[in-house]
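A.B. asks: Test case, fold it:
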Amino acid sequence: MAGGTVVVMRLLASAYAVAEKAGTIVRNVLHGGDLGIVEKTGVNDLQTLADRLVQKSICASLSKRFPKLTIIGEEDLPSETVEEDLIEISQYDAILQKPCPDEYSNLKEEELVVWVDPLDGTKEYTEAARLLDSPAVIEKLLESQRAPTRLLDHVTVLIGIAYEGKAIAGVINQPFYNYQMGADATLGRTLWGMLGLGAFGFQLQEVPEGKRIITTTRSHSNKLVTETVQAMDPHDVIRVGGAGNKIIQLVEGKASAYVFASPGCKKWDTCAPEAILHAVGGTLTDVHGNTYQYSADVKHMNSAGVLATLRNHQYYVSRVPQSVLQALSSN
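C.D. replies: Coordinates of the predicted model:
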């Protein structure tokens with residue numbers, strides 16, 4: 001069956017297009033200088049104007065084309081009319097031209113669940129914005145490789161597609177990718193993948209055999225996280241923001257495992273990254289080695305942490321301390 005006639009391929013092609021629009025919104029809010037920050041539930045749990053606009057854009061755009069779809073977004077927003085300029089109706093033709101894996105060729109809209117994180121890495125986004133105190137300074141720093149702008153690498157937009165509780169396809173947009181290449185560079189890129197089809201938009205690489213490089217949280221660490229990372233006997237540890245960014249570290253050969261032995265990550269953080277990781281042969285589980293479910297009725301919190309690898313997953317599962325396993329009950 002041609003990719004363009006299959007519901008899930010059309011949905012993925014639409015998700016790609018709206019993720020690209022989302023990246024533009026994220027950049028525009030930063031350049032505008034007013035992030036509209038509010039605190040949701042406490043410290044390190046922020047929401048910006050970009051979070052709100054992007055979620056409205058993604059949900060309204062996908063709902064307009066796929067009205068029977070279940071969409072679950074991170075932000076708890078009131079029902080309201082969405083401005084027309086936030087709605088994206090185009091689709092990414094390159095996806096429509098791909099063959100749909102046979103097992104997904106007859107799926108219906110109502111069988112699919114979409115998990116949306118409109119701005120993964122919000123803390124890093126707001127920190128970068130505070131350091132860039134005027135649009136003129138933003139332009140200058142986006143042309144350089146100074147430390148404040150490196151925070152922008154952590155920022156992603158995540159759209160994951162699930163069927164029967166399994167993450168089967170996903171899109172990750174990096175709004176500020178390429179910022180270090182100068183004022184004339186095209187900012188942003190979009191990665192996407194689907195089980196049985198592969199992953200696209202990046203060059204798959206692996207950490208050299210025998211090298212253990214752990215990527216973990218930059219701002220949500222605690223005793224359990226620290227103990228687990230140390231138990232992996234790493235050669236190096238990379239502390240960055242955003243679940244989407246950490247999976248990118250894995251597939252681009254900068255890290256061999258993503259370790260977060262703590263509650264905090266949600267289903268909208270992991271659905272899209274998990275689908276892309278699985279599409280290239282990787283694995284994402286909780287710290288016990290059990291898979292997460294993405295049905296519409298599951299709890300949103302990934303209570304038993306996150307452990308993701310491109311290879312040798314069982315080794316990392318086996319290194320999780322017993323005390324950590326006891327502290328984090330499996331879903």
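A.B. asks: what stretches of the stretch 201-331 of the chain score poorly on pLDDT?
C.D. replies: For the stretch 201-331 of the chain, residues meeting the criterion pLDDT under 70 lie at 331.
A.B. asks: the helices in it, which residues?
C.D. replies: 223-231, 243-251, 267-279, 313-318, 322-327 (DSSP state H, counting those that start in this stretch).
A.B. asks: I'd like those as CSV, with mean neighbour count and distance to Leu46 appended.
C.D. replies: No exception for glycine: its C-beta is placed from N, CA and C like everyone else's. As requested, the helices of the stretch 201-331 of the chain are exported to CSV (neighbours: other C-beta atoms under 10 Å; distance: least, C-beta to C-beta, whole Å):
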stretch, mean neighbour count, distance to Leu46
helix 223-231, 18, 20
helix 243-251, 27, 16
helix 267-279, 28, 15
helix 313-318, 16, 31
helix 322-327, 14, 27
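A.B. asks: correct me, but Met9 touches Ile95?
C.D. replies: Yes - contact between Met9 and Ile95 holds when scored by C-beta atoms under 8 Å: they sit 6.2 Å apart.
A.B. asks: coming back round to it: okay if I get the helices of the stretch 201-331 of the chain as JSON lines plus distance to Ser63?
C.D. replies: Below are the helices of the stretch 201-331 of the chain laid out as JSON lines (distance: least, C-beta to C-beta, whole Å):
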{"stretch": "helix 223-231", "distance to Ser63": "37"}
{"stretch": "helix 243-251", "distance to Ser63": "23"}
{"stretch": "helix 267-279", "distance to Ser63": "16"}
{"stretch": "helix 313-318", "distance to Ser63": "36"}
{"stretch": "helix 322-327", "distance to Ser63": "39"}
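A.B. asks: separation between the most centrally placed residue in the chain and Asn312?
C.D. replies: Nearest residue to the geometric centre of the chain (C-alpha atoms, centre = their mean): Gly244, 3.2 Å. Separation of Gly244 from Asn312 (C-beta to C-beta, to the nearest Å): 22 Å.
A.B. asks: same check, this time on Val114
C.D. replies: Separation of Val114 from Asn312 (C-beta to C-beta): 31 Å.
A.B. asks: Pick out whichever of these two has more residues nearby.
C.D. replies: Neighbour totals were compared for Val114 and Asn312, and Val114 leads with 27 against 14 (other C-beta atoms under 10 Å).
A.B. asks: Find me whatever residue is spatially closest to that one, sequence neighbours aside.
C.D. replies: Excluding the flanking residues, the one nearest Val114 by C-beta to C-beta, 6 or more residues apart in numbering is Ile71, at 4.7 Å.
A.B. asks: So that neighbour belongs to a strand, correct?
C.D. replies: Yes - according to DSSP: H, G, I helix; E, B strand; the rest coil, Ile71 belongs to a strand.
A.B. asks: What residues does it make contact with?
C.D. replies: With contacts defined as C-beta atoms under 8 Å, 6 or more residues apart in numbering, the neighbours of Ile71 are 58-59, 62-63, 113-114, 116.
A.B. asks: Of the residues you listed, grab the buried ones for ChimeraX.
C.D. replies: In ChimeraX syntax, the buried subset of the contacts of Ile71 is picked out as below (16 or more other C-beta atoms under 10 Å):
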select :58,59,62,113,114,116
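A.B. asks: Sitting in strands, which of the contacts of Ile71 do you find?
C.D. replies: Using DSSP state E, the subset of the contacts of Ile71 located in strands is 113-114, 116.
A.B. asks: Which member of those residues is positioned nearest Ile248?
C.D. replies: The nearest member of the ones in strands among the contacts of Ile71 to Ile248, counting by C-beta to C-beta, is Val116 at 18.1 Å.
A.B. asks: Tell me what that closest one is bridged to.
C.D. replies: Gly73, Ile159 (DSSP bridges).
A.B. asks: Quick check: it touching Ala60?
C.D. replies: No - Val116 is beyond contact range of Ala60, at 11.3 Å (criterion: C-beta under 8 Å).
A.B. asks: Relative to Val287, how far out is Thr215?
C.D. replies: 15 Å.
A.B. asks: ok now do the residue nearest to the centre of the chain, which residues does it touch?
C.D. replies: 117, 120-121, 156-158, 172, 174, 269, 272-273 are the contacts of Gly244 under C-beta under 8 Å, 6+ apart.
A.B. asks: what does Lys108 give?
C.D. replies: Per C-beta under 8 Å, 6+ apart, neighbours of Lys108: 7, 68.
A.B. asks: The same query, at a cut-off of 7 Å, please.
C.D. replies: Val7 (C-beta atoms under 7 Å, 6 or more residues apart in numbering).
A.B. asks: Angles on the backbone of it, please.
C.D. replies: Main-chain dihedrals, Lys108, degrees, to the nearest 10: phi -110, psi 160.
A.B. asks: Then the one 10 residues further on?
C.D. replies: Backbone dihedrals for Pro118, given as degrees, to the nearest 10, come out at phi -70, psi -30.
A.B. asks: Cool, thanks, talk later.
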